[in-house]
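1. I'd like to go over a predicted model; first the sequence, then the structure.
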Amino acid sequence: MPSPKPTATPTATPTPTAASTATPSTSATPTAAPQPTPTASATPKPSATATPTASPSPAPSPSPSPSPSPSPSPSPSPSPSPSASPIPTVTATPTASPTATPTPAPSPTATPTPAPTASPTAGPSPTVTPTSSPRPTATPTATPTATPTATPAPTPAASATPKPTATSTPTASATPKPTATPTPTSTPTASATAAPTASPTPTPSPSPSPSTTPTPSPTPSGTATPTATAGPTPTTAPAPSPTEPAPTPSTGPALTPTPAPVLTASQQLTPAEGLLFGAFAGTRDAPDADTALRDLESTIGRKLDLHRWYAIWDDPMPPVSVRQSVERGRTPVLSILPKLRDGSKLPWAEVASGVHDARIREQAAGVRSLEVPIFLVFHHEPDYSPEYGSPADYRAAYRHYVEVFRTEGVTNVAWTWVMTPAAFNNPPTTPTKVGADALYPGDDVVDWAALDPYNWNGCAANVPQRWRTMAEIATPFRTWGVAHGKPLMLAEWNSFEDALDPERKAAWYRETMSTLASWPEVKAVAVFNTTGTCDWWITSSPRSVAGFVDAGARPSAHGRASAWLEPSAVTGPSPLAVTFDASRSTGSGHANGTGVTRWTLDFGDGTSTHGEGQPPAAVPHTYAAGSFRAVLTVTDAAGTTNVDRHTITSAAAPKASTAVRNVTTTSLELNAWVETGGIVGHAQMEWGPTTAYGSTSPVMDLAAVVTKTNVAVTVANLQPGTTYYWRLTVTTAVGTTVLDLTTYTAGPPTTTWAGATLVTSGSAEPYAGVHPHRAATSAYLEWGPTEALGRVTPAQELTALTYEKTLRYPLTGLARGTTYWFRVVATNEHGTLVGPTKTFRTAP
């Protein structure tokens, strides 16, 4: 079964395994490469003092080759360092480590029998010192020593005595006792490529078999022939000096350097100590999920490691909020429910049959595109979803879903199985009385087991009515999970308030974190912060907030480093002065705002700064115009890293100019030329016969360029010769610019005013306004002393104007004291205007 706590995490110190008893040739010693602890460890419980030794019972196989079988892996431990063991063993510190310094010898590999190696469970002494010819010595640590040691041959697998005999223990006269604490750069790990240099001869006794040449003494002596001079532990075997003879070449096969291990997504996500701390954040007053999550982080004063998110079958994949969290350095815990947006549910049997494989492949491609490890859940809480099918249907659907992802090459997923506490009760108290075992799809398709525990405290009908601790709620699940050897997660958790005790919820948060700190199998938690069946808001009271802040600030709640980057401004006119606060960044196993050993802040404009220790609260920087991505990277003493990112936009408010083109009687083209200042933006147009508009264009994206961008909208089905109002709205991260405008369609000429001026006894100057409506127009005046008019003036020509122009027609030779009638007549390609009749009277 897999271990509940993989020790080969991205930040864990490499742990040597039992396979390291196979001594590599000193002539081709590879540098140590961390190897992941096999997840199929037979020991499901962690032990703080676990010593990475050989299997408790000697292997029946006589083969000395390192075995890839998970059986000899060390027991999982809260600390991945082998220094946790007080008793050094042969297997914890291989004598052919990269610190071995070869000395002249007849043949360090040709005679396998003189290797004085203890049995697999050998005690304090890993070697026996010969009294004759010097042999290559492997210094377990950098501790100075002058004690000669023999190159151990692989331990005969047929050894029947688990404890070393007295002859395998060196005296204390000169040899410091080797420790089990290897240096990270020099300790070889289990590797199937580390083959022995000669075929060993099994011996029937754990005592080293004497060889004919040389003969080791029964008890090592501090005066034996010295070998290598003590010194700093090198990372590779040093080359012989010019005065030393080269070591005799190995008679065995040449060693191949062990490649760096490829960690699974689950191994990368499993913290060596403590747990990952996260949340689902309801939006409530926030405009979107990312803002809600950032608001929660601001409230609790720390960066969240995890972001819980729920998607349904036909949601875009990955969801926008998930991609935003990845950008901020959070790890998504993503649930995908086989339910469509229209409310219809996909039976598990259909999913298992392959009917929906095309959509599963699309989801797989979306998840793979995130390019970081995530937790993925297929249908969380199936124990409360009997309408989807039977337990067998669920198991088949889950396994098929995983298989499609694997076939599509998705490797950045830690498969997470999520249940409710009711499934672990004895007997189960789920709606169908089905327990966890009936719904468990199998160890080979589950990386993490998760629970959604709540302290309901009678907040609704048909829920537990009394106050319960996390230990009471989750212990059955923990017991089940430990037996399956899986890392455990609380994928949702929270408590309802106690109306009689306003301090009780806050105390429950603190007590829960104390409980989880004593449960090393629990490696991740994500609080449910929203309104569900009940009010699960952390902010239900100031005391509740204080209790949750205390819970999240504990060292045990920081299972990995977390970067916190808070800019004083993310948008503004250029040049934009920004001050970054990185002080709340935290190292793994430390309280908030402590534990970082080094940091780098890349401003995104080609400049950066860095430092040692905790990052500061004020890092000023000024940005020129443009859009930039600031990235903070922090590293802690354990070597774990995390990033936080923000986009900073510096520019002036957008500018725009407009024009109307290609106007006809029923259509026209609205144009705008927009300057965004080198950042992305959006433009939209509205139009209509009144200032209420009524018609709207699609949103048009504007690229991050410094030149003008033309956007245009063709408008049809308009009325001829009609005034239309239109609006242009341009938005960038810096601001919004709005222009209100008017335009006209082409049509017959129109007029809105007419009159007469400069009237005397014999002359006058009638006038009239004429609007050509975008067409060349000819206009003249009809006039006369009676209503019949009878006379006309010469025509005046107008170009295709978009406005009304006043035309004047001087008249002379008029009769004294007479009334005259007149009107304007205008014609263009779209029609003729006959204006209203007006009058004037000459002076007497």
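-> It's in. Numbers count the residues shown, from 1 in each chain.

2. so after the lowest-mean-pLDDT helix or strand in the chain, what's the next helix or strand?
-> One helix or strand of the chain scores below all others by mean pLDDT, DSSP states H and E: strand 571-572, with a mean of 86. Per DSSP states H and E, the first helix or strand lying C-terminal to strand 571-572 is strand 576-581.

3. now the helix or strand following that following strand against strand 576-581, angle please.
-> Downstream of strand 576-581, the first helix or strand assigned by DSSP H and E is strand 596-602. With axes from the mean of the first three to the mean of the last three Cα atoms, to 10 degrees applied, the angle from strand 596-602 to strand 576-581 works out at 170 degrees.

4. list the neighbouring strands of strand 596-602 plus their orientation.
-> strand 608-612 (antiparallel), strand 626-636 (antiparallel) (DSSP bridges).

5. list the buried ones in the longest one?
-> Which is strand 626-636. 626-628, 630-636 (16 or more other Cβ atoms under 10 Å). Heads up, the C-betas are built off the backbone N, CA and C, glycines and all.

6. in a markdown table, list the strands paired with strand 596-602 along with mean pLDDT and distance to N455.
-> Below are these laid out as a markdown table (pLDDT from 0 to 100; distance: least, Cβ to Cβ, whole Å):
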| stretch | mean pLDDT | distance to N455 |
| --- | --- | --- |
| strand 608-612 | 97 | 43 |
| strand 626-636 | 95 | 33 |
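
7. so can I have CSV of those strands showing distance to R341?
-> Shown next, in CSV, are the strands paired with strand 596-602 (distance: least, Cβ to Cβ, whole Å):
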stretch, distance to R341
strand 608-612, 44
strand 626-636, 33
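
8. for the stretch 451-600 of the chain, what spans make up the strands?
-> Per DSSP state E, counting those that start in this stretch, the stretch 451-600 of the chain carries strands over the ranges 454-455, 488-490, 494-495, 522-529, 566-567, 571-572, 576-581, 596-602.

9. would you mind finding the most buried of the ones you listed?
-> Of all those, strand 494-495 carries the top mean neighbour count, a mean of 30, counting by mean count of other Cβ atoms under 10 Å.

10. still on that earlier bit, distance to G278 for the buried residues of strand 626-636 - can I get that in TSV?
-> Formatted as TSV, the buried residues of strand 626-636 follow (distance: Cβ to Cβ, whole Å):
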residue	distance to G278
G626	33
S627	29
F628	28
A630	23
V631	21
L632	19
T633	20
V634	18
T635	21
D636	19
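
11. per-domain residue ranges of this structure.
-> Per the record, the chain has its domains at 1-240, 265-557, 566-645, 655-744, 754-841, by automatic domain parsing.

12. which residues of this structure score low on pLDDT?
-> Applying pLDDT under 70 to the chain picks out residues 1-260.

13. pull the longest helix from the chain.
-> If you go by DSSP state H, the chain has its longest helix at helix 391-407.

14. mind giving me the packing neighbours of it?
-> When contacts are defined as 3 or more Cβ pairs under 8 Å, 6 or more residues apart in numbering; DSSP states H and E, helix 391-407 sits against helix 348-353, helix 357-368, strand 374-378, strand 413-419, helix 436-439.

15. to V792, which of those lies closest?
-> Between V792 and the helices and strands packed on helix 391-407, the shortest gap by Cβ to Cβ is with helix 357-368, which sits at 75.6 Å.

16. give the buried residues for that closest one.
-> With burial defined by 16+ other Cβ under 10 Å, the residues of helix 357-368 counted as buried are 357, 359-360, 363-364, 366-368.

17. distance to L789 for these - can I get that in CSV?
-> Output for the buried residues of helix 357-368, formatted as CSV (distance: Cβ to Cβ, whole Å):
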residue, distance to L789
D357, 85
R359, 79
I360, 84
Q363, 81
A364, 84
G366, 78
V367, 83
R368, 84
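
18. using CSV, write out every CA atom in stretch 536-547.
-> What follows is stretch 536-547, C-alpha atoms only, in CSV (Å, rounded to 0.1, in the frame of the first residue of the first chain):
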residue,chain,number,x,y,z
TRP,A,536,-20.1,29.1,7.1
TRP,A,537,-18.5,32.5,6.8
ILE,A,538,-15.3,32.9,8.8
THR,A,539,-16.4,36.5,9.3
SER,A,540,-19.5,35.5,11.2
SER,A,541,-18.0,37.4,14.1
PRO,A,542,-14.8,39.3,15.0
ARG,A,543,-13.9,36.5,17.5
SER,A,544,-14.4,34.0,14.7
VAL,A,545,-12.0,35.9,12.5
ALA,A,546,-9.4,36.1,15.3
GLY,A,547,-9.6,32.4,15.9
